[in-house]
Structure formats: structure tokens, C-alpha cells
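A.B. asks: Could you look at this predicted model? Sequence included:
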Amino acid sequence: MVELHVRKDSRQRLSSFYATGHAGWAESGEDIVCAAVSAVLQAAWLGLAEVRHVDVTGSRSAGRLDLSWPTAARDDPGAQAIVATAILSIERMAMQFPDHVRVIIEASDG
């Protein structure tokens, strides 16, 4: 299962997310659910870094993607729209594939 952990700061602004796992919908290399989650999250990364020019911090490895953005970007409407759209997309995937995708909203991280 892919789990997307979404973090909000003490002001309830989206501040970071990380995804772990594999969807398990199909064999590795043919799993369209896993590919869709990965594509959406990597598009959010690109949108923040290349479109909004946010100095993001992140890492990618097999079965894991971490991304966070600085406090100053959390009030940027464009950055908010990119991140909120990605999260909404994954939430909709979780509704369609509840045995393969889960979204977890976590407590504030400061």
C-alpha cells in the first residue's frame, strides 16, 4: 500500500509530505496506481521548484518520496494550489483504490 503522510504546521498550513510503499495493484513495472501516485507527487515537486521557484527540500528513492517547503512559501497562493491539488488527487485515488492508497493527515510540525 502507498501511504501519503501530509503534514501541516502550527498555523494549519500544508508544510510537507512523504509517501512510502508500493500500491500492490499489479506487478512492479505495471502498477498504474503506483505510477499515478508517483507522477502526481513528482509533478507537485516540479511545480513548486520550477514554476513557483520555491527552494524545496526533498529526496526520492525506491518506495519513498519526501518533500518539504520553507515557511515563506506556505502563504504563497500558487504554491498552496500546487500542493493542495496534488493531495486532492491522491485522496481521490485513495477513494477509488482504498486497498492500495491511503492519505494520512498528521499533526503540526512547528
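C.D. replies: Okay, I see it.
A.B. asks: Surely Ala36 and Gln96 touch.
C.D. replies: No - the pair Ala36 / Gln96 is not scored as a contact, 9.8 Å apart, by CB atoms under 8 Å. For glycine as for every other residue, the C-beta is placed from the backbone atoms N, C-alpha and C.
A.B. asks: And those two? Which one has more around it.
C.D. replies: Set side by side, Ala36 and Gln96 show more neighbours around Ala36, with 19 against 11, by other CB atoms under 10 Å.
A.B. asks: separation between the residue lying farthest from the centre of the chain and Arg11?
C.D. replies: In the chain, the residue that sits farthest from the middle, by CA atoms, centre = their mean, is Glu27; the gap is 22.5 Å. To Arg11, Glu27 is 43 Å away according to CB to CB, to the nearest Å.
A.B. asks: And Ile32, by the same measure?
C.D. replies: 36 Å.
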